[in-house]
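Asker: Make a model of this:
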Amino acid sequence: MSKPVKTKQTLARVAVIASVVAGLSGFGAALISAQAQEKPVELKTAETPDEPITYAALKAETVQGTDAAAAAPAQTVARPTTATTAARKPFFGDKVDGKPILLRKPMPPAKVDWQAAVNRSGTMAKQARISGGLKARLPKAQLDKTRLPVVLPREGGVVDTAKAKMMSFGDAYALNMPQPNRKGTQVTVYGNRTFVPTDSGAISKRPIARLAGVVEDIRIGQMEDGWTATFTRYGVVYSIDVSCDSMNSDDCKTDSYIRDVIAQMDDVTMGSEAQSEADQQIKDDGNWLNQVSKTISKITKGG
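Answerer: Residues are numbered from 1 along each chain as shown. Reported below is the predicted structural model:
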């Protein structure tokens, strides 16, 4: 699988996370110009439902717009059986009691532990030894509209951030980081604070893993092209994918590399909208604590 295709798959997936109620699948399109044909395409009728149908080849200029190219060879495609055709029905998403799960109304955005995120950002800023890191290179427009903490890999660690690209949908985002020195490996981080209600047992649970130096419980699973992990931090759900062009790659044979990535995903940054929400929440919490403190003081003094 080529890198451009992987990038498109990444963008498609974050659209699912951001909207929560949308599913995307690959599609193909073929455009044919009737005016470019010298005569109508003749269709050979099959005697049986499973007999191949031969389509007359179109001249090359129909697609390429040139008279110099030779005609393309004829192609043969299998005609679908009646049973196959009858089985094709519109997909409306998984249903429970006749109601589409994917079309359920999203819940309010999850409450973020902004104080913890701000504290961590300040701690990592003091420890930073590399100037002009990923924090400084994230696209400002995408970062500023992201209403949740953006977790980042430790600078100078196992994740190369030189070619990182970010896409935000407000309450969800994706950060794709190709690894040019790891032969077709890509690391993608997703963050999401929007959910839809579902029934108990509707979503399968992967086994919980505990990693050294990581506070949260991690759920790690294998995909067809790599590994995926999910954890909750600051009240937000984050996922990390490690995908490879080849499953024989050392990065995807086992879950060792994704474990190293998770362990070094300890930095955080925030855009303007997230910072504004954080400031307001911290202020409100401070006022509440002050009020509680005053109330306790009055009680202890008998006032």
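Asker: CA atoms for contacts and neighbours, from now on please.
Answerer: OK.
Asker: which sections of the stretch 101-250 of the chain are below the confidence cut-off?
Answerer: 101-104, 128-132, 201-205 (pLDDT under 70).
Asker: Strands of that one, residue ranges please.
Answerer: 150-152, 165-168, 172-179, 185-192, 208-209, 218-223, 226-233, 236-244 (DSSP state E, counting those that start in this stretch).
Asker: mind saving the C-alpha coords of the third one as CSV?
Answerer: This points to strand 172-179. Taking Å, rounded to 0.1, in the frame of the first residue of the first chain, the C-alpha atoms of strand 172-179 are listed here in CSV:
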residue,chain,number,x,y,z
ALA,A,172,-11.8,15.6,17.5
TYR,A,173,-8.5,15.6,15.6
ALA,A,174,-6.0,13.4,13.9
LEU,A,175,-2.2,13.8,13.8
ASN,A,176,-0.5,11.7,11.1
MET,A,177,3.3,11.2,11.3
PRO,A,178,5.0,9.2,8.6
GLN,A,179,8.2,7.6,9.7
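Asker: Any idea which of the strands of the stretch 101-250 of the chain gets closest to Arg137?
Answerer: strand 165-168 (9.4 Å; Cα to Cα).
Asker: Show the secondary-structure elements that that closest one is packed against.
Answerer: Strand 165-168 sits against helix 140-144, strand 172-179, with contacts defined as 3 or more Cα pairs under 8 Å, 6 or more residues apart in numbering; DSSP states H and E.
Asker: highest average neighbour count across those?
Answerer: Among the helices and strands packed on strand 165-168, ranked by average contacts under mean count of other Cα atoms under 10 Å, first place goes to strand 172-179 (a mean of 24).
Asker: Can you check what angle separates that strand from strand 236-244?
Answerer: 30 degrees (axes from the mean of the first three to the mean of the last three Cα atoms, to 10 degrees).
Asker: ok, residues contacting strand 172-179?
Answerer: Strand 172-179 is contacted from outside by 7, 10-11, 14, 17-18, 146-148, 159-168, 184-194, using Cα atoms under 8 Å, 6 or more residues apart in numbering.
Asker: if we can go back for a sec, so which of the helices and strands packed on strand 165-168 is nearest Lys111?
Answerer: Lys111 lies closest to strand 172-179 among those, at 13.6 Å (Cα to Cα).
Asker: hang on, the earlier thing: the strands of the stretch 101-250 of the chain into CSV, with extra columns for distance to Gln281?
Answerer: Output for the strands of the stretch 101-250 of the chain, formatted as CSV (distance: least, Cα to Cα, whole Å):
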stretch, distance to Gln281
strand 150-152, 17
strand 165-168, 22
strand 172-179, 19
strand 185-192, 19
strand 208-209, 31
strand 218-223, 28
strand 226-233, 17
strand 236-244, 16
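Asker: Could I get the phi/psi values of the closest residue to Lys135 other than its chain neighbours?
Answerer: Nearest non-adjacent residue to Lys135, counting by Cα to Cα, 6 or more residues apart in numbering: Thr269, 6.7 Å away. When read as degrees, to the nearest 10, the backbone of Thr269 gives phi -140, psi 170.
Asker: Show the contacting residues for Thr269.
Answerer: By Cα under 8 Å, 6+ apart, the contact set of Thr269 is 121, 135, 149-152.
Asker: from those, which single one is nearest Glu277?
Answerer: Using Cα to Cα, those come closest to Glu277 at Pro149, 10.7 Å.
Asker: these two touch, right, the closest one and Asn119?
Answerer: No. Between Pro149 and Asn119 there is no contact under Cα atoms under 8 Å: 11.7 Å.
Asker: So those two - more neighbours on which side?
Answerer: More neighbours surround Pro149 than the other of Pro149 and Asn119, with 31 against 12 (other Cα atoms under 10 Å).
Asker: Any idea how many residues pack against the closest residue to that one other than its chain neighbours?
Answerer: Nearest in space to Pro149, with sequence neighbours left out and distances taken as Cα to Cα, 6+ apart, is Met270 at 5.3 Å. Counted by other Cα under 10 Å, the residues lying close to Met270 total 23.
Asker: and if you look at Lys163?
Answerer: A count of nearby residues for Lys163, using other Cα under 10 Å, gives 12.
Asker: Going forward, count from 279.
Answerer: Sure, I'll start numbering at 279, so the last one becomes Lys441.
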